[in-house]
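Asker: I would like the atomic coordinates for the input below:
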Amino acid sequence: MILHTINKSPTSDSTFNSCLRCAAEHDTILLFEDGIYGAIVGTQAEPMIKQALQHYRICALKEDLVARGFSRGLIDGIDVIDYQDFVDLTVTHDKVHSWY
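Answerer: Numbering: from 1, shown residues only. Just a heads-up that it's a prediction; the model follows:
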């Protein structure tokens, strides 16, 4: 299993699409920094994120959501995690692939 970390907004960068081309079943995708914009309801990335949720666990880092003023209005199925959960994911996955 691979933990894929994405720090770019899927609405302004092709990083999320590139990640999806390489991700496998049972991988986890973590949205952090500006990547959290992919977790927000109503963006043009919402259909792509909902489709990806059928195949992958997608998480958003709580601290980055709060820093950008989002505490609700998230796409159903996105797991909100904190820094300790992030560390746990790095331990439970075989590899971490950062998409920048």
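
Asker: Show the contacting residues for the closest residue to residue 41 other than its chain neighbours.
Answerer: Spatial nearest neighbour of residue 41, chain neighbours left out: residue 73 (5.0 Å); criterion: Cβ to Cβ, 6 or more residues apart in numbering. Bear in mind the C-beta positions are built from the backbone N, C-alpha and C, glycine included. Applying Cβ atoms under 8 Å, 6 or more residues apart in numbering, we find residue 73 in contact with 40, 41, 42.

Asker: Near the residue lying closest to residue 33 once chain neighbours are set aside, how many other residues are there?
Answerer: Closest residue to residue 33 apart from its sequence neighbours, by Cβ to Cβ, 6+ apart: residue 7 at 3.9 Å. When neighbours are defined as other Cβ atoms under 10 Å, residue 7 has 18 of them.

Asker: again, but for residue 54
Answerer: Neighbour count for residue 54, taken as other Cβ under 10 Å: 7.

Asker: With adjacent residues omitted, what lies nearest to residue 82?
Answerer: Nearest residue to residue 82, sequence neighbours excluded (Cβ to Cβ, 6+ apart): residue 62, at 5.0 Å.

Asker: pLDDT at the one you found, what is it?
Answerer: pLDDT for residue 62: 96.

Asker: Before I go, just wanted to say thanks for your time.
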